[in-house]
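Sharing a model that was predicted from the sequence below.
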Amino acid sequence: MRYKKTVVLVVALLMVLSALSFARTQNLRRVGVVPLMKGGVETGDDLKPLIEKYAAEIEMGFEKAGAAFLYPDFMEQVKSVTIKEDVIPKGEHMQWMLFRKGRVVKDLQWSGNQPLDVYMFVIQKDCKDYHFIIPRPCGNISLVKETNTIASCDMKVSPEKAAIGDPVTVDMSGSKCATKMEVKVYHPEGTLIDSKELTSGDAVWKTSFKESGDYFIKGEAFNADGVASSNECEAKVYINYPPVCDLKVSPDKGYVGQVFKLDASGSTDQDGKVVKAEFTVTMDGNEVEKKEITTEPFIWEKKFSKSGIYKVFVKVTDDFGAVSANTCEVGVEVQKRFYGLVEGGPMVAKGTYSGYIFGRLGFSYLLVPERLSFILSAGGAVALGGDPFKSHFLSNALLNVHFDSFFLGGGVGLSSKVREDWKSDIDVVGNIGFDVFKAFNKKGSIFAELRVPMKTGLEFNHAHEILLGFRFLF
């Protein structure tokens, strides 16, 4: 009985030692003893057709190594993979090695006296790099290690040219094997102005720019280990300079029916050209008229039909569609040409000069603004003395020529009896005067007027009237 217990203990001990020996990393000291590819592999060019030749045994080995999922990609990629010649030093670890007839040994290391000449290549699958070696003397396929594939950065920026404030899309969704991406935006002067961290699930960033210029955008992609992509991932976006409007109005003070020149020809665009000018005319904050001009020189010759104080605005558009941001506004005063009139003052009539006070109402019309006007007025003169002088009716129809504030002119008038011995008559009238003030749609003048009857039959020095007056146009 004691003998049987001893045997059982010895067997159990041997099994434990055997298991420990199996679990321990195995040392590989020689190659070529049980080669997968008979005769070894002389050159890298020989390797690819040999892998095709031994495909069945390789597939069996991948299954036994627990890497059946990798076999199709291995066979496909090895046709075009870059194979390098290398050596591995003593102590190099291998996850598994494939021998003849699909036999697999796991967890082993090279323990030979000399470094081992190998062919080395990498197979990629699902963002993992599988590093394989094949010793030259035996052609045994061995998986050395698995690493996370270095991310490949892909960045698309659209549009390449945009206006200030327009959305610009940075799309890094095409990056491969990236768990994180980072975008950096640099000002034309080279300073970093913005950055954004993206993920594989949120790889698109919409941004915009507040200033014009040529911006530089750099992207990086990072794999699961945080290692940055090595490929270049850069783009540029140009932010269009908006046009600058310019507006001149000539004249800025004028009259109804007069031509005003609204001139936006001085508008400029730094990186293109102006293609459109939009004029807007307002009065008291209300829009009166709009006009769009799409041909140079962007001038609108406009006549105003109504008196008032207007504001003229212009905005211009460039060939990229950007609109001027600066304000171009000019005030315009448009005065009327038809005025009410009231005038009066002292008057004397020859024939032992007798005094009168006269007054008239009427209108004035500017035939040629600032140059020629027509006056029609009528009223009366009140005699300050007694007989033979009488209060009488008095009217005028005059043309006046203006020289800045000075004017002179003449015409005809009608007077009723000035004295008992005079008859009602048509008068030849002349006047001369000076504008003492001018305001918007208002004017005040002093004038002297001489009236001479045409048919009285008396000599001039016995029959004429002299008036000094103040004329107010409103």
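Perfect, thanks for sending it. Numbers count the residues shown, from 1 in each chain.

all contacts plus neighbour counts: C-alpha atoms, from now on.
Fine.

show me where pLDDT drops low in this structure?
The chain contains residues with pLDDT under 70 at 1-23, 39-40, 351-352, 456-458.

okay, which residue is most central for it?
The residue lying closest to the centre of the chain (Cα atoms, centre = their mean) is residue 163, at 2.2 Å.

what sits against the closest residue to that residue other than its chain neighbours?
Nearest non-adjacent residue to residue 163, counting by Cα to Cα, 6 or more residues apart in numbering: residue 240, 5.0 Å away. Neighbouring residues of residue 240 by Cα atoms under 8 Å, 6 or more residues apart in numbering: 161, 162, 163, 164, 212, 213, 271, 320, 322.

Just the buried ones from the residues you listed?
161, 162, 163, 164, 212, 213, 320, 322 (16 or more other Cα atoms under 10 Å).

tell me which element residue 395 falls in.
If you go by DSSP states H and E, residue 395 is part of strand 392-403.

same for that strand, what does it pack against?
strand 372-383, strand 406-415 (3 or more Cα pairs under 8 Å, 6 or more residues apart in numbering; DSSP states H and E).

Which parts of it count as buried, going by neighbours?
392, 393, 394, 395, 396, 397, 398, 399, 400, 401, 402.

And for stretch 58-71?
58, 59, 60, 61, 62, 63, 64, 65, 68, 70, 71.

Who does the strand holding residue 395 pair with, and is each partner parallel or antiparallel?
Using DSSP bridges, the neighbouring strands of strand 392-403 in the sheet come out as strand 372-383 (antiparallel), strand 406-415 (antiparallel).

Contacts for it next, please.
For strand 392-403, contacts defined as Cα under 8 Å, 6+ apart pick out 360, 370-382, 407-418, 429.

what about burial for these, which qualify?
Buried among these by 16+ other Cα under 10 Å: 360, 372-382, 407-418, 429.

Quick check: residue 28 vs residue 321, distance?
With distances taken as Cα to Cα, to the nearest Å, residue 28 is found 73 Å from residue 321.

Likewise for residue 434?
Computed as Cα to Cα, the residue 434 to residue 321 distance reads 54 Å.

Kindly report the same for residue 340.
Distance, residue 340 to residue 321, using Cα to Cα: 50 Å.

how's this protein carved up into domains?
Listed by automatic domain parsing, the domain ranges of the chain are 21-148, 156-239, 248-335, 338-473.

where exactly do the strands run in the stretch 251-400 of the chain?
Assigned by DSSP state E, counting those that start in this stretch, the strands in the stretch 251-400 of the chain fall at 253-255, 259-263, 274-283, 286-293, 299-303, 308-318, 329-335, 338-349, 354-368, 372-383, 392-403.

Rebuild those strands as a markdown table, extending it with distance to residue 143.
As requested, the strands of the stretch 251-400 of the chain are exported to a markdown table (distance: least, Cα to Cα, whole Å):
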| stretch | distance to residue 143 |
| --- | --- |
| strand 253-255 | 92 |
| strand 259-263 | 80 |
| strand 274-283 | 67 |
| strand 286-293 | 74 |
| strand 299-303 | 79 |
| strand 308-318 | 63 |
| strand 329-335 | 78 |
| strand 338-349 | 104 |
| strand 354-368 | 103 |
| strand 372-383 | 107 |
| strand 392-403 | 107 |
